[in-house]
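# prediction below, plus the sequence it came from.
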Amino acid sequence: MSLNAVAQLINDAVIERRGLDADDSVPNRRKGYVELLGHFLPSETTCEVTPIEVAGMAALRVTPPQQDGGLLVWFHSGGWVLGSPALSVSEMDLLCAASRCVGLSIDYRLAPEHRLPAAQLDGIAAARWALDHAADLGCDPSRVAVGGDSAGGNLAAVASQRVDGLCAQVLVYPGCDLTTNWRDASHAKGYLLDADWMRWFLAQCAPEVDLADPLVSPGLADDAVLALVPPAFVVTAEYDPLLATSLAYVERLRAAGAHVEHAHFAEVMHLFFSMPSALADAKVAIALASSFLSGQFAAR
């Protein structure tokens, strides 16, 4: 099996442009990331999107037309170096509208200005703040979930291990084991995220960090910790160098006795979840994640 036709077109366009751009500086790559995801942002949103401060950090509040008391704290993608809450509006608008929950998309600290584990500590702080202030936002403190994609999935997994009281976690192709040898990863070259990009990200954000520390590699946490995490919904993509580490985390959670639901998409690449306007699989993945969240919120 290969990438579906639309995913192939997107992937090839990104790879072609990357080959023409020799500037691998942080400012240039941040600009390119904005341009890439900016193509998929909706011209109009179903939810109201407004700025808010969360634990001293800038954030976006995503408020759906109908609410059932849930609150989702979301961490955006970008390798802990790129991205912003504004670039997560595509998925957040659909997630929050479908699950009838308020969303908080967090502008956590990025590298190289702030090396890891600054981002993870921000994720923990944001989750704790949400639990403490859920009622102020018109939400139920027992219905607070965390989620994120890629680097943001890592932050959500870390927060789920270290913050008591969360009811659910949504992990979209999370980077859960940063000790992985990316050169040997499946589909490590020729795709939207590849081994070279992974090494570049880690060079910016973790040049002197112990990557085996569960604070940055939640997939290496003890079984006793994993047994206590809230129910998880994990999304994976076939053409993704994070596939192996994401699948390994699913198996570790299951082995520890945690509740895990897993949805795998065989014809798309990393970052597809942020492209619902172009990729049908993204809409399906978001709908499944929304259904999972609705079920976890209703169970409280």
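Great, that's in hand.

# quickly find the element holding the residue nearest to G147 when sequence neighbours are not counted.
Computed as CB to CB, 6 or more residues apart in numbering, the closest residue to G147 that is not its neighbour in sequence is V170, at 3.3 Å. Any C-beta I mention is one placed from the backbone N, CA and C, and that applies to glycine too. Using DSSP states H and E, V170 sits within strand 168-172.

# could you pull out the buried residues of stretch 192-201?
Neighbour-count burial for stretch 192-201 flags L192, L193, D194, A195, W197, M198, W200, F201 (criterion: 16 or more other CB atoms under 10 Å).

# can you tell me which of these are in helices?
Under the assignment DSSP state H, the buried residues of stretch 192-201 contribute A195, W197, M198, W200, F201 to helices.

# looking at the chain, which helix is longest?
The chain, longest helix under DSSP H: helix 280-298.

# for it, what is the average pLDDT?
Averaged over helix 280-298, pLDDT sits at 98.

# what does stretch 242-250 give?
Average pLDDT, stretch 242-250: 94.

# what does that stretch rub up against?
Stretch 242-250 is contacted by residues 150, 157, 171, 173-177, 180, 185-187, 193, 218-219, 234, 236-237, 240, 260, 262, 270 when judged by CB atoms under 8 Å, 6 or more residues apart in numbering.

# and those, which are buried?
Applying 16+ other CB under 10 Å to the contacts of stretch 242-250 flags 150, 157, 171, 173-177, 180, 185, 187, 193, 218-219, 234, 236-237, 240, 260, 262, 270 as buried.

# tell me the contacts of V234?
V234 neighbours (CB under 8 Å, 6+ apart): L171, V172, P174, S246, Y249, V250, V260, E261, H262, A263.

# where exactly do the strands run in the stretch 151-300 of the chain?
Along the stretch 151-300 of the chain, counting by DSSP state E, counting those that start in this stretch, strands occupy 168-172, 232-239, 260-269.

# for the last one, give me every contacting residue.
To tie it back to what came earlier, the one meant is strand 260-269. By CB under 8 Å, 6+ apart, strand 260-269 touches 1-4, 7, 11, 187, 191-193, 231-240, 250, 253-254, 272, 279, 281-282, 284-285, 288-289, 292.

# try it again at 6 Å.
Strand 260-269 is contacted from outside by 1, 3-4, 7, 11, 191-192, 232-239, 250, 253-254, 281, 288, 292, using CB atoms under 6 Å, 6 or more residues apart in numbering.

# same question, the shortest one
Outside strand 168-172, the residues within contact range by CB under 6 Å, 6+ apart are 145-147, 149, 153, 156-157, 160, 230-235, 273, 289, 296.

# just checking: what are the partner strands of that strand?
The strands beside strand 168-172 in its sheet (DSSP bridges) come out as strand 144-149 (parallel), strand 232-239 (parallel).

# and that strand with helix 280-298, angle?
Orientation of strand 168-172 against helix 280-298 (axes from the mean of the first three to the mean of the last three CA atoms, to 10 degrees) gives an angle of 170 degrees.
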